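Asker: Just need the structure, nothing else, for what follows:
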Amino acid sequence: MENKNSRITNLRIKEAKNIESKIKDSKTKSPAKKSVRSSNKKTDKHKLELRYLRSEDYEDVKLIMNQVFAKAFDGAWTKQEYERQIAVFPEGQIAIEDNGAVIAAAISMIVLYSDHGDRHTYDSITGGGGLPNHNDEGDTLYGVDVFVNPKYQGLRLGRRLYDARKELCEKLNLRRIIVGGWLPGFKKHESKMSPGEYVNLVKQKELFDPVLSFQLANDFHVRKIVTNYFPENKGYSSFACLLEWLNIYFQEKEKLIGGKKTVIRVGAVQWQMRAVSSFDDLRNQVEFFVDTVASYNADFCVFPEFFYAPLLTQFNKMTSSEAVRALADYTEQMRDELGKLAVSYNTNIISGSMFEYKDQELKNVSYLCRRDGTIDSQYKLHATPDEKAYWGVGGGDTLKVFDTDAGKVGILICYDVEFPELSRILAERGVDILFVPYYTDTKNGYLRVRKCAEARAIENEIYVVITGSVGNLPNVENMDIQYSQSAVFTPSDFSFPHDAVAAEATPNTEMTLIADLDLDLLKEVRKKGAVRNMLDRRLDLFRIEWLGKIG
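Answerer: Predicted structure coming up:
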């Protein structure tokens, strides 16, 4: 039976073992160790190793801390404090050795941050060198110390230690890393500016601070400026920064069943327009494709705009505006059938789009039929000139974000994707996947939709799924020919396909397209990407304001 006071939970023990690919277990015997003097003598032949600190490393650690911290913080921890740190949280005490001698190290602890808040001091949160406030059930990795042998400066060992802390934070599923960073460079500026002004100038690289500049370069952001964080600053400024690094992979306690997915499988139907004899005939074709996509365990099945247009062949004697109003009589019936298919085949269905005729207003609407049995709708906001001229279609006034069991999604019907403001609003409201059902008759019309969809994926750091129809409907005015190449687009960065296309169909061929979309990669590109479009927006200069209804 496991001791209930064990240092970390079963989950954390299991996850911490994964780190051993980079850090050796603290109980492993070290190779023949060089004398303490060797850690103070730089050699041109390095053999660096990242591992856990061990009890026998104390003399190396003491030597470095006395060199680095003697002036400001009274030097090294005592041997008893050092051994206590290893005892309470061995996974958090990380070292870099060179040829058998420790040359750099990071000391960490876990805290429940709400127990301390932003007004803590270094002494109050650490509780002293023995780390009595370490809490295995906490949510935050707290940085206690980082130190590098001065002889080894320039090798970026601090960055390696910070990267190891980040990996530890991710593997232990902690919410964040917090560190307190003193501002050694502020003392000579404090008569001329406030600490806030100083921090902003360091952020802008107008000034360099040996501590703050390093932490900002390691993807930490300033959470709060505090005073008297280190009470005995010995001639240095009493101001310090609390800095935070957020773990984008952090997950609240996971449900055993029914939890949120991180890899989403989408299926797009590149639909062939063909004459049908009845509604049941069309419905059978729809079920065939739902069955096909669902057989791949897809989370979404997407149909094109106006996919039920083959029913128009029975209204050939009407004018085009009369025919689409007659077609609208089938919309509710088709919506209900799709709702039943979503439940029975256990997949969320994006219904492409259909006509709605109500109170003498004709609109173009897409339905989201969830596999839990609920149904929602998104109206096309911008009718094309042809839709207005031939059919008299009007636009909707509500833009919706849909919560599903596979994340937040949005729907923009065809022409709407050519208005970048709409996608940006959806992205700001948390959408990860945008579905774009379209109907285009020519390649240049298709390319307008495709190129805009590709841009929306890149500029908003989201996935965009587009699908249309192929084939022809002879004698159906304004819907007689089709052009399509369905595709799934991604952001453009190293974690994604080199051309930012996850999958694409054969042009003008009836088929299905299946792709897996990793939502964790979106989190990564938004925080760590080569460029960060959403994060770097100049909201002090511009912003988008939605004036319509919020769905």
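
Asker: Not counting its neighbours along the chain, what's nearest residue 497?
Answerer: The shortest distance from residue 497 to any non-neighbouring residue, by Cβ to Cβ, 6 or more residues apart in numbering, is to residue 490 (6.3 Å). Placement of C-beta: from N, CA and C, glycine included.

Asker: And for that neighbour, the neighbour number?
Answerer: Here the number of neighbours of residue 490 (other Cβ atoms under 10 Å) works out to 26.

Asker: what do you get for residue 454?
Answerer: 20.

Asker: so where's the protein uncertain?
Answerer: Residues of the chain that meet the criterion pLDDT under 70 lie in 1-44, 71-74, 231-237, 254-259, 478.

Asker: quick one: the helices in it?
Answerer: In the chain, the segments counted as helices under DSSP state H are 10-17, 58-73, 79-88, 122-126, 157-171, 195-203, 212-217, 279-294, 320-327, 331-344, 385-386, 420-428, 443-460, 519-528.

Asker: Could you name the helices and strands sitting against the third one?
Answerer: In terms of contact count using 3 or more Cβ pairs under 8 Å, 6 or more residues apart in numbering; DSSP states H and E, helix 79-88 is assigned the packing partners helix 58-73, strand 101-111.

Asker: quick one: contacts of that helix?
Answerer: 7, 26, 52-55, 58, 61-62, 76-77, 93, 107, 109, 128-131, 134, 144 (Cβ atoms under 8 Å, 6 or more residues apart in numbering).

Asker: Dump it to PDB, keeping only the CA atoms.
Answerer: The C-alpha trace of helix 79-88 is given here as PDB (Å, rounded to 0.1, in the frame of the first residue of the first chain):
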ATOM      1  CA  LYS A  79      24.100  21.200   3.800                       C
ATOM      2  CA  GLN A  80      21.000  20.400   5.800                       C
ATOM      3  CA  GLU A  81      18.800  22.700   3.800                       C
ATOM      4  CA  TYR A  82      20.200  21.400   0.500                       C
ATOM      5  CA  GLU A  83      19.500  17.800   1.500                       C
ATOM      6  CA  ARG A  84      16.000  18.700   2.600                       C
ATOM      7  CA  GLN A  85      15.400  20.200  -0.900                       C
ATOM      8  CA  ILE A  86      16.300  16.900  -2.500                       C
ATOM      9  CA  ALA A  87      14.300  14.900   0.000                       C
ATOM     10  CA  VAL A  88      11.000  16.800  -0.400                       C
END
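
Asker: For that helix, list every residue counted as buried.
Answerer: For helix 79-88, the buried set under the neighbour-count rule, 16 or more other Cβ atoms under 10 Å, comprises 82, 84-86, 88.

Asker: what residues are up against residue 453?
Answerer: Residues touching residue 453, when contacts are defined by Cβ under 8 Å, 6+ apart, comprise 417, 434, 436, 464, 466, 487, 489.

Asker: could those go into CSV alongside neighbour count?
Answerer: Formatted as CSV, the contacts of residue 453 follow (neighbours: other Cβ atoms under 10 Å):
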residue, neighbour count
417, 26
434, 24
436, 33
464, 28
466, 32
487, 23
489, 27
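
Asker: Out of those residues, the closest to residue 47 would be?
Answerer: Using Cβ to Cβ, the shortest approach to residue 47 within the contacts of residue 453 belongs to residue 489, at 45.5 Å.

Asker: can I assume the closest one is in contact with residue 452?
Answerer: No. Taking contacts as Cβ atoms under 8 Å, residue 489 lies outside contact range of residue 452: 10.3 Å.

Asker: quick one: furthest residue from the center of the protein?
Answerer: Ranked by distance from the centre of the chain (Cα atoms, centre = their mean), the top residue is residue 317, with 52.5 Å.

Asker: what separates it from residue 195, distance-wise?
Answerer: Taking Cβ to Cβ, to the nearest Å as the measure, residue 317 and residue 195 are separated by 80 Å.

Asker: Isn't residue 107 up against residue 90?
Answerer: No. Judged on Cβ under 8 Å, residue 107 makes no contact with residue 90 at a distance of 11.5 Å.
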